[in-house]
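K.L.:
what follows is a predicted structure for the sequence shown.
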Amino acid sequence: ISPQLNGRSNLTAFQDLVPMIHNQSDYIQHLEAEVKLCKEELHEMKQRIRVVVVENERFHSDLKSKAVDESLKEYTIHNSMIESLEAQVISFRSVYSSCEASIPSDFGLFFFKLKEQYSFPLSVSTFPSVFRKNLSVSQKECEEVKDRLRHREKQAADALRADGAPRVAGLCLKCAQHEAVLAGTHTNLHVQAIDRLKKERDELLVALRAVRASQQEAQQREWSACLQVKQAVEMAEEANLYKARVQCEQLSRELARLREQLEREAQALKERLAEAREEGRAEARKQREELAQTVKLTYSLSVCLDNYCICMSFHSTALAAFEILNYTRIVMCKSPLILL
């Protein structure tokens, strides 16, 4: 009875191991699905990183194009200003050369002294006001000269009507000096305007160089900032990629460990199943041998019982015959007495 119980317990243990194997296979499939999901998330992360890199490059190109456009606009504005100033300088030079050509050479020293006497500095902000003032002064002087000429013409006409002979009108010394001072002042104003324009041109060129230097510095700072941003983005991307790589390596190591553990458990289960199978076979062989022995024993017992039955039947027939003989003997013994 005990071997049968052992065989049944082994069979129940084997039946308990089957759902465990199915559960392990389901767990392996679940882990494989998780690995596939992690791979898909990693692929999506790589695509996002590529999109960020493309957008960053596009932003860099836009910034570069905007900086180039602004620099070209400023350069064209400065060039137009410089060209206009150069045109003004050329026009003033032509006016100054024409004035110098019209002035006699004997009055050069006198005009130079007058220039030194009446020279005054001007700036760009006071340039239009000074010219307006000079224009108004020259207009007033022209009106005065016209009035003086009219007055002289009137005096000459009156003298002609009175005496019958024309009178030659001349200028007094004070008026001649005043006219000479006015002429020198006008030429001095032209020279001052030309010098002032040259000075303004030089200042504008210096300012243009300073603006270009500041623009180059700004472009350099912007480029360095772009490089820093690019390096920061690349470092962040590398950190994210390294983190994702580390996570993938950890997952791969975990999967390898779980796979090895499952393989060991499956191998142990196979060994247990083989041992249980061998034990079941041994128990079956043992039970079969015991059954064969019991069959042999029962067969021998049945043969013995058959022989015993035959013997008993023989003894019973022998006893019946002996009893019949005894009865006949008794009857034979009693019969003479009856006859007598």
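P.N.:
That came through, no problem.
K.L.:
mind checking how far residue 300 is from residue 285?
P.N.:
22 Å (Cβ to Cβ, to the nearest Å). All C-beta atoms are positioned from the backbone trio N, CA, C, and that covers glycine.
K.L.:
same check, this time on residue 259
P.N.:
Residue 259 is 38 Å from residue 285, by Cβ to Cβ.
K.L.:
more crowded one of the two?
P.N.:
Each of residue 259 and residue 285 has its neighbours counted (other Cβ atoms under 10 Å); residue 259 has more, 13 against 10.
K.L.:
what's the helix or strand for that one?
P.N.:
helix 173-339 (DSSP states H and E).
K.L.:
quick one: mean pLDDT for that helix?
P.N.:
What helix 173-339 shows for mean pLDDT is 80.
K.L.:
i'd like the first residue to be 23 from this point on
P.N.:
Done: numbering now begins at 23, and the last item shifts to helix 195-361.
K.L.:
that helix - contacts with which helices or strands?
P.N.:
Helix 195-361 is packed against helix 24-124, helix 130-140, helix 149-185, with contacts defined by 3 or more Cβ pairs under 8 Å, 6 or more residues apart in numbering; DSSP states H and E.
K.L.:
pick out the shakiest of these, pLDDT-wise.
P.N.:
helix 130-140 (a mean of 46).
K.L.:
any idea how far residue 77 is from residue 253?
P.N.:
When residue 77 is compared with residue 253 (using Cβ to Cβ), they lie 16 Å apart.
K.L.:
actually residue 48, sorry about that
P.N.:
From residue 48 to residue 253 the distance is 48 Å (Cβ to Cβ).
K.L.:
likewise for residue 73?
P.N.:
From residue 73 to residue 253 the distance is 19 Å (Cβ to Cβ).
K.L.:
ditto for residue 72
P.N.:
From residue 72 over to residue 253 the distance is 18 Å, taken as Cβ to Cβ.
K.L.:
what does residue 176 give?
P.N.:
Applying Cβ to Cβ, the value for residue 176 to residue 253 is 91 Å.
K.L.:
just residue 340 next, same as before
P.N.:
Distance, residue 340 to residue 253, by Cβ to Cβ: 126 Å.
K.L.:
and if you look at residue 219?
P.N.:
Distance, residue 219 to residue 253, using Cβ to Cβ: 49 Å.
K.L.:
which one of the two has more residues nearby?
P.N.:
residue 219 (20 against 10).
K.L.:
how about stretch 220-229: buried residues?
P.N.:
Buried residues in stretch 220-229, counted by 16 or more other Cβ atoms under 10 Å: 222, 226.
K.L.:
whoops, stretch 284-297 was the one
P.N.:
So for stretch 284-297, counting by 16+ other Cβ under 10 Å, buried means residue 291.
K.L.:
grab the CA positions of it and hand them over as CSV.
P.N.:
The C-alpha trace of stretch 284-297 is given here as CSV (Å, rounded to 0.1, in the frame of the first residue of the first chain):
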residue,chain,number,x,y,z
LEU,A,284,14.3,30.6,-15.3
GLU,A,285,16.7,28.3,-17.2
ARG,A,286,18.0,27.0,-13.8
GLU,A,287,14.5,26.6,-12.5
ALA,A,288,13.4,24.9,-15.7
GLN,A,289,16.5,22.6,-15.5
ALA,A,290,15.7,21.8,-11.9
LEU,A,291,12.1,21.1,-12.9
LYS,A,292,13.2,18.9,-15.7
GLU,A,293,15.5,17.0,-13.3
ARG,A,294,12.7,16.7,-10.8
LEU,A,295,10.4,15.5,-13.5
ALA,A,296,13.0,13.0,-14.7
GLU,A,297,13.5,11.9,-11.1
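K.L.:
right, I'll leave it there.
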